[in-house]
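Engineer: Curious how this folds, go ahead:
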Amino acid sequence: AMAISCSPQLLIADEPTTALDVTVQAQILDLLKRIQEDTQMSVIFISHDLGVISEICDRVAVMYAGEVVETASVEDIFSQPMHPYTQLLLKAIPRLDVKQEKLETIRGSVPSLDELPKVGCRFANRCPHAMAICTLKDIEPYQFEREHQVKCHLYTQDTALKEANES
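Structural biologist: As a prediction, the model looks like this:
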């Protein structure tokens, strides 16, 4: 309540529904949505809960080890994820409409933030599509579609040219 009493233009909600039961969580989300719509205030909603993100967000930025690896509309993130980390995150969501023997997992473990690689993709050591370039060269965001950006060498011009020359 104090955060919005001054009518800010931006509200940063960091894990506002963590550890809440489903009923209270729904009430908080409804309240945030109503306040945002009534005041036209922008909200940065930080959460690890992909179900909540799919319900409340318009745009999504997926982060891995402190770095944004993909940004897109919520629809694009869930229907056509581009970054391997985003793809694996979505495959790890339990689904009721599909019989699953076991959930997908992401191999390896998250690196310690003081041991992050200084160059290259931070996800490379866990990525099923990693190439040598992933650990050797930083990458700029690739504009996939109008508002869909991804930081992955799978989509860079350099990689595409190299693959074309090797075929």
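Engineer: for the residue nearest the centre of the chain, helix, strand, or coil?
Structural biologist: The centroid of the chain falls nearest to residue 62 when counting by C-alpha atoms, centre = their mean (1.7 Å). When classified by DSSP: H, G, I helix; E, B strand; the rest coil, residue 62 comes out as strand.
Engineer: ok, longest helix in this structure?
Structural biologist: Secondary structure of the chain per DSSP state H: the longest helix is helix 22-39.
Engineer: What is whichever helix or strand comes after that helix packed up against?
Structural biologist: Using DSSP states H and E, the helix or strand that follows helix 22-39 in sequence is strand 42-46. Under the contact criterion of 3 or more C-beta pairs under 8 Å, 6 or more residues apart in numbering; DSSP states H and E, strand 42-46 touches strand 10-14, helix 22-39, helix 50-56. In short, each C-beta sits where N, CA and C put it, glycine included.
Engineer: Check which residues of the last one are buried.
Structural biologist: For helix 50-56, the neighbour count (16 or more other C-beta atoms under 10 Å) marks 50, 52, 53, 56 as buried.
Engineer: For the closest residue to residue 107 other than its chain neighbours, give its distance to residue 117.
Structural biologist: Once flanking residues are discounted, residue 107 sits nearest to residue 126: 5.8 Å by C-beta to C-beta, 6 or more residues apart in numbering. Per C-beta to C-beta, to the nearest Å, residue 126 is found 12 Å from residue 117.
Engineer: Kindly report the same for residue 41.
Structural biologist: Distance from residue 41 to residue 117, by C-beta to C-beta: 37 Å.
Engineer: so of the helices and strands packed on strand 42-46, which one's packed in deepest?
Structural biologist: Counting by mean count of other C-beta atoms under 10 Å, helix 50-56 has the highest mean neighbour count of the helices and strands packed on strand 42-46, with a mean of 16.
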